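Novice: need a structure here:
(6 chains)
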There are 6 protein chains.
Amino acid sequence: MTNAPLVPLIEYESASDEVRAVYDDIMQTRGTDWINNFWKVLAHDPMALKRTWEDAKQVMAPGALDPLTKELVYVAVSVTNGCEYCTYSHTAAARAKGMSDAQFMELLAVVGMANETNRLVNGLRPPVDPQFIPEHR
Amino acid sequence: MTNAPLVPLIEYESASDEVRAVYDDIMQTRGTDWINNFWKVLAHDPMALKRTWEDAKQVMAPGALDPLTKELVYVAVSVTNGCEYCTYSHTAAARAKGMSDAQFMELLAVVGMANETNRLVNGLRPPVDPQFIPEHR
Amino acid sequence: MTNAPLVPLIEYESASDEVRAVYDDIMQTRGTDWINNFWKVLAHDPMALKRTWEDAKQVMAPGALDPLTKELVYVAVSVTNGCEYCTYSHTAAARAKGMSDAQFMELLAVVGMANETNRLVNGLRPPVDPQFIPEHR
Amino acid sequence: MTNAPLVPLIEYESASDEVRAVYDDIMQTRGTDWINNFWKVLAHDPMALKRTWEDAKQVMAPGALDPLTKELVYVAVSVTNGCEYCTYSHTAAARAKGMSDAQFMELLAVVGMANETNRLVNGLRPPVDPQFIPEHR
Amino acid sequence: MTNAPLVPLIEYESASDEVRAVYDDIMQTRGTDWINNFWKVLAHDPMALKRTWEDAKQVMAPGALDPLTKELVYVAVSVTNGCEYCTYSHTAAARAKGMSDAQFMELLAVVGMANETNRLVNGLRPPVDPQFIPEHR
Amino acid sequence: MTNAPLVPLIEYESASDEVRAVYDDIMQTRGTDWINNFWKVLAHDPMALKRTWEDAKQVMAPGALDPLTKELVYVAVSVTNGCEYCTYSHTAAARAKGMSDAQFMELLAVVGMANETNRLVNGLRPPVDPQFIPEHR
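Specialist: The predicted model follows:
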């Protein structure tokens, strides 16, 4: 048994024009013909749907970092936080952008080790080395 | 006032041969002539020092992912967890591997957005779309 | 398949007098005729059951904050931590206290944004502005 | 000694027109004559500055929830995540919006208790009661 | 510069009778002649002070687990969450209850490794083995 | 419906010699005749499998802390992080090492309380008492 989402999914057919406009832009931008469930629940707040989608387009666009690297970072955060849906959806997105099996496994190794050493640091409390502090202070 | 670390820093001069061997390998591998405070506190458990360093060498080595990408992921995890020392040290490491200002800012934008949408998902609980589930099940 | 809880559910019928007394108080305080599963697993430690229930009654009682606001905060924390059971149970409790759909969606927007900017801060490490530090120091 | 931020603070005097426009809007919206350090570091990515500020204006505006309730939720998330800067800045914002000492202490009591019971649930793993699952499934 | 606490410290001399009674019980129970700052800030909500102290006495008392083991667990949680004050205070408490240097370092090694493998699991999403699910379902 | 893991399970029969050698060592060390799913997904990166298993053997071995105490700490971290698989697997491991029902319930009480007071501290921000800071600074 899967638990139900906390608000119903808003399907394209029953969506308002405002929501449909975002759905259309998502499908066009991604070159797909379906909308994933994250947007269908978020659509209960059309302003949040539009804001979050516009943000995602801007943040995930190619820039100083390439789209695959950004997607790997998204997976790293989702795995650290233990978000199941996000891990499935962003791993799929990363694979669509070319992530190989070997890259996925290395990514998780780094995520695991960072989570480990973050806690060694939290427990031992070493002072920040002056060499690590930017010179602009 | 900075709070003291929870165990004293073990400096090279007063380190055992076992610890010195790891310190030497750290400096040689990195091409530096100093040891940062993380290793100096971890050295209180020489087995942990050696294990963690050997792991780090293996995990952070160039492989399917390049060293800069791995370092960006390390920063992403450290920022998500709020580890101050780790954020300073791995940001410095990423810069040493070529991270630009623009890359740093884009990295944080992705980390921020992933942390945001992870919680939208946690609250709305959309079911995982079948399209995201690997076919091997 | 749902995974089993890590200890069996203690139903009213098979509960000790000590546990029943807490169950009775829960039902009377809430004006309901059933006990939710959280208390049924916690009942394996009757002292913990009683302590946690007494704490909850005190903490969630109307005071300087009204019960709905307290419930919204409970949801915000549960969503941030990714606790599934807690998100379902406290969202239901908030709805019972009058939370509207619009309030729920706005709540999640704030939770999402706070989680995002918490990480922008973790990564950029701005010093605390003196204006934000209480004058009593 | 306070550690330096990871990028320099961009002061109004040395800001670009694009950044100044956001700074001006922040000060006008808030009715203040200064910019806090969060925006001054974020300004290194003018697009992120503008996006985050526009989002904050939209998310924190009065709506189905009043501004004080939203600010309390912001504090609750920041405290749960352990973000020091965010706790100081949003506690100050909540006080400016009327949060009393008693409300602050009750807020923290709820945050503490939610964090506690989230983990009791994580450890005991009770199944979600059917009564808590919305009927729309 | 240390940032000030968000509420002033309530010293014994200026405390109400209600608060003093708790302070007296803390000192008597612990066999000390001073109160640490956690209680002095919590005292702004005398009901929270009393409730939290009574809970702590009950939860940390010798039982099926000995006091040192409980304190080690407290440190493990505080380190995982990155709570600085808690890490200093509960490490000191653990040392007072007999924790050796070697035990502290091994504790952190376990905490680090658990945080690492938690994320390997979050990323790989193995199904729970039937052998791990209690038979009472 | 259970979601599939993100990589297929590698069973003993289809494993490489390198992976089988680790599987054999796991079964021999534990005195069991089966491999749990965590290792079967991690085996996609044989180097990670070997490294993580060698680390686990070293970290979880009897030392200054006994194996049951280490397992309790592992459960405490997994519960704090909300890792479902880890909570089931390490609770089972702790029971196999002798953890009683009463010990499990007391463990969770400590974990819950530590998570609560960590947040009271995060919100109130008491300065670290000098008595808690080790004298070696």
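Novice: burial measure for the residue in chain A that chain F sits nearest to, as a count.
Specialist: Across chain A, no residue is closer to chain F than residue A:105, which sits at 3.7 Å (CB to the nearest CB). All C-beta atoms are positioned from the backbone trio N, CA, C, and that covers glycine. When counting by other CB atoms under 10 Å in any protein chain shown, one arrives at 25 neighbours for residue A:105.
Novice: residues contacting it?
Specialist: Residues near residue A:105 by CB atoms under 8 Å, 6 or more residues apart in numbering or on different chains: B:64, F:7, F:44-45, F:48.
Novice: recalculate using a threshold of 10 Å.
Specialist: B:63-65, E:120, E:123-124, F:7, F:41-49 (CB atoms under 10 Å, 6 or more residues apart in numbering or on different chains).
Novice: which among those residues count as buried?
Specialist: B:63, B:65, E:120, E:123-124, F:7, F:41-46, F:48-49 (16 or more other CB atoms under 10 Å in any protein chain shown).
Novice: take those residues and keep only those in helices.
Specialist: E:120, E:123-124, F:41-42, F:46, F:48-49 (DSSP state H).
Novice: before we move on, the earlier item: quick check: the gap between the residue of chain A closest to chain F and residue C:91.
Specialist: 36 Å (CB to CB, to the nearest Å).
Novice: dump the ones in helices among the buried ones among the contacts of residue A:105 into TSV; add pLDDT and distance to residue F:25 as well.
Specialist: As requested, those are exported to TSV (pLDDT from 0 to 100; distance: CB to CB, whole Å):
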residue	pLDDT	distance to residue F:25
E:120	98	18
E:123	98	24
E:124	98	20
F:41	98	18
F:42	98	14
F:46	98	13
F:48	98	15
F:49	98	11
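Novice: just curious, which of those is nearest to chain C?
Specialist: Among those, and counting by CB to the nearest CB, the member closest to chain C is residue E:123, at 14.7 Å.
Novice: I'd assumed residue F:41 was in contact with the closest one.
Specialist: Yes: if you go by CB atoms under 10 Å, residue E:123 and residue F:41 touch, sitting 9.1 Å apart.
Novice: overlap in contacts of those two?
Specialist: In contact with both residue E:123 and residue F:41: A:105, A:108, F:5-7, using CB under 10 Å, 6+ apart.
Novice: in contact with residue A:133, which residues are there?
Specialist: Residue A:133 neighbours (CB under 10 Å, 6+ apart): B:88, B:92, C:125, D:1, D:3-6.
Novice: what of residue A:77?
Specialist: Here residue A:77 is in contact with A:83, A:86-87, A:90, A:111, B:73, B:76-77, B:79-80, B:110-118, C:119 (CB under 10 Å, 6+ apart).
Novice: also residue A:25?
Specialist: Counting by CB under 10 Å, 6+ apart, residue A:25 has contacts A:50, A:53-54, A:57.
Novice: picking that back up, looking at the shared contacts of residue E:123 and residue F:41, which are in strands?
Specialist: Among the shared contacts of residue E:123 and residue F:41, no residue falls in strands (DSSP state E).
Novice: between the residues you listed, which is nearest residue C:132?
Specialist: Nearest to residue C:132 among the shared contacts of residue E:123 and residue F:41 is residue A:108, at 38.2 Å by CB to CB.
Novice: now that closest one. Nearest residue, chain neighbours left out?
Specialist: Excluding the flanking residues, the one nearest residue A:108 by CB to CB, 6 or more residues apart in numbering or on different chains is residue E:123, at 4.3 Å.
Novice: ok, back up a step: nearest to residue B:31, of the ones in helices among the buried ones among the contacts of residue A:105?
Specialist: Residue B:31 has its nearest neighbour among those in residue F:48, at 26.5 Å by CB to CB.
Novice: residues in contact with that closest one?
Specialist: Listed by CB under 10 Å, 6+ apart, the contact partners of residue F:48 are A:105-106, A:108-109, A:112, B:55, B:58-59, E:120, F:42.
Novice: now the contacts of residue A:25 in CSV, with secondary structure and neighbour count?
Specialist: Converted to CSV, these look like this (DSSP: H, G, I helix; E, B strand; the rest coil; neighbours: other CB atoms under 10 Å in any protein chain shown):
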residue, secondary structure, neighbour count
A:50, helix, 18
A:53, helix, 17
A:54, helix, 15
A:57, helix, 12
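Novice: and of those, the nearest to residue D:100?
Specialist: Nearest member of the contacts of residue A:25 to residue D:100, counting by CB to CB, is residue A:50, at 36.1 Å.
Novice: which SSE is the closest residue in space to the closest one that isn't next to it in sequence in?
Specialist: Leaving aside its sequence neighbours, residue A:50 sits nearest to residue A:22 (CB to CB, 6+ apart; 5.4 Å). Following DSSP states H and E, one finds residue A:22 within helix A:17-30.
Novice: buried residues, that helix. List them.
Specialist: In helix A:17-30, counting by 16+ other CB under 10 Å, buried: A:19, A:22-23, A:26.
Novice: picking up where we left off before, show me what contacts the residue nearest to residue A:108?
Specialist: A:75-76, A:78-80, A:82, A:87, A:91, A:104-105, A:107-109, A:111-112, F:5-7, F:41.
Novice: distance of it from residue D:78?
Specialist: 27 Å.
Novice: same question for residue A:64.
Specialist: 29 Å.
Novice: circling back to that earlier point, residue B:12: which of the contacts of residue A:133 is nearest?
Specialist: residue B:92 (20.3 Å).
Novice: residue contacts, the residue nearest to the closest one when sequence neighbours are not counted?
Specialist: Spatially, and ignoring its direct neighbours in sequence, residue B:92 is nearest to residue A:132 (4.4 Å; CB to CB, 6+ apart). Residues near residue A:132 by CB under 10 Å, 6+ apart: B:36-37, B:85, B:87-93, B:95, D:3, D:6.
Novice: kindly reformat those as TSV containing neighbour count and secondary structure.
Specialist: As requested, these are exported to TSV (neighbours: other CB atoms under 10 Å in any protein chain shown; DSSP: H, G, I helix; E, B strand; the rest coil):
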residue	neighbour count	secondary structure
B:36	19	coil
B:37	21	helix
B:85	25	helix
B:87	26	helix
B:88	22	helix
B:89	24	helix
B:90	26	helix
B:91	26	helix
B:92	21	helix
B:93	20	helix
B:95	18	helix
D:3	19	coil
D:6	25	coil
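Novice: among these, which one sits closest to chain E?
Specialist: residue B:85 (10.4 Å).
Novice: contact partners for the residue nearest to residue A:47 when sequence neighbours are not counted?
Specialist: Spatially, and ignoring its direct neighbours in sequence, residue A:47 is nearest to residue D:58 (6.7 Å; CB to CB, 6+ apart). Residue D:58 is in contact with A:47-48, A:50-51, C:109, C:113, counting by CB under 10 Å, 6+ apart.
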